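Enquirer: Sequence and predicted structure below; questions after.
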Amino acid sequence: MMTRALLHELDPDKTEIALLSNPCRSAEEFLREVLYQLGEDGADMDRARLVHRIHEIIYEAYSHGRENVVVDDEAQLLEDEEIFEEIRLLLNLQLDDAFLITLLLVGQPQLVERMRKHPALDQRIATRGFLRPFDEPTTADYVGHRLRTAGQDEPLFSPEALRLVFEYSNGIPRKINNICDIALVIGFSRELEDIDSDWMTRLIQAERGDSA
């Protein structure tokens, strides 16, 4: 979600984007997917031709004032060691005064450990960021924002219910979404005016398998 939100902020008239959303199993598969996402089919190309064509596209885009961005989502699932070498070689694409490609690796915390096994690549990473879980006030703000975005201006969760949501989710957005979605569906089916701590406790217990 964060990756796609970021990409939506980029100007499509000034940016060439290659988004790899599924982990590749081999280095050639990785290169083919990069080329495909840049707009060409490299199914019949060997590694050398794939690399040459990717380089040509990147240089051509740069010459027309366009940025090249390659985003590898779920990068912690990459297993083939040669893929990391291909990524490193892509980062070597530069002129005397400019880098020709921006590479964004997105993944779970295991990605940090995988990168450390490839120091030549790890040293080329210019910027690193980590998404931390929400604290309790931010969790409440997040739920309120999503409700307002959906057109609901009045709060539907009591403060005590939101506190339980935070304790259950540990501030992880996906778990917040899941339990709140369930609460809204149950609340609608029961014609509840809001979700209080009693109902939230029951729902959390049911989710954990603690209650019938």
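Expert: Perfect, I can see it now.
Enquirer: all strands in this protein, in order from the N-terminus.
Expert: Counting by DSSP state E, one finds strands in the chain at the ranges 15-20, 67-72, 94-95, 98-99, 102-105.
Enquirer: most tightly surrounded among those?
Expert: Comparing the strands of the chain by mean neighbour count (mean count of other Cβ atoms under 10 Å), strand 67-72 ranks first with a mean of 21. Where C-beta positions appear, they are placed from N, C-alpha and C, glycine not excepted.
Enquirer: returning to what we had before: could you dump the strands of the chain to CSV with mean pLDDT?
Expert: Output for the strands of the chain, formatted as CSV (pLDDT from 0 to 100):
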stretch, mean pLDDT
strand 15-20, 91
strand 67-72, 92
strand 94-95, 82
strand 98-99, 84
strand 102-105, 92
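Enquirer: Same list (the ones you listed) but as JSON lines, adding distance to Ile204.
Expert: What follows is the strands of the chain, written out as JSON lines (distance: least, Cβ to Cβ, whole Å):
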{"stretch": "strand 15-20", "distance to Ile204": "35"}
{"stretch": "strand 67-72", "distance to Ile204": "35"}
{"stretch": "strand 94-95", "distance to Ile204": "52"}
{"stretch": "strand 98-99", "distance to Ile204": "48"}
{"stretch": "strand 102-105", "distance to Ile204": "34"}
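Enquirer: Nearest residue to Gly144 in space, ignoring adjacent ones along the chain?
Expert: Nearest residue to Gly144 in three dimensions, chain neighbours excluded: Pro155, at 6.6 Å (Cβ to Cβ, 6 or more residues apart in numbering).
Enquirer: so how far is Asp135 from that neighbour?
Expert: Distance from Pro155 to Asp135, counting by Cβ to Cβ, to the nearest Å: 19 Å.
Enquirer: more crowded one of those two?
Expert: With neighbours defined as other Cβ atoms under 10 Å, Pro155 and Asp135 compare such that Pro155 has more, 16 against 11.
Enquirer: ok, back up a step: looks like the residue nearest to Gly144 contacts Asp194 (just checking).
Expert: Yes: assessed by Cβ atoms under 8 Å, Pro155 is found in contact with Asp194 at 7.3 Å.
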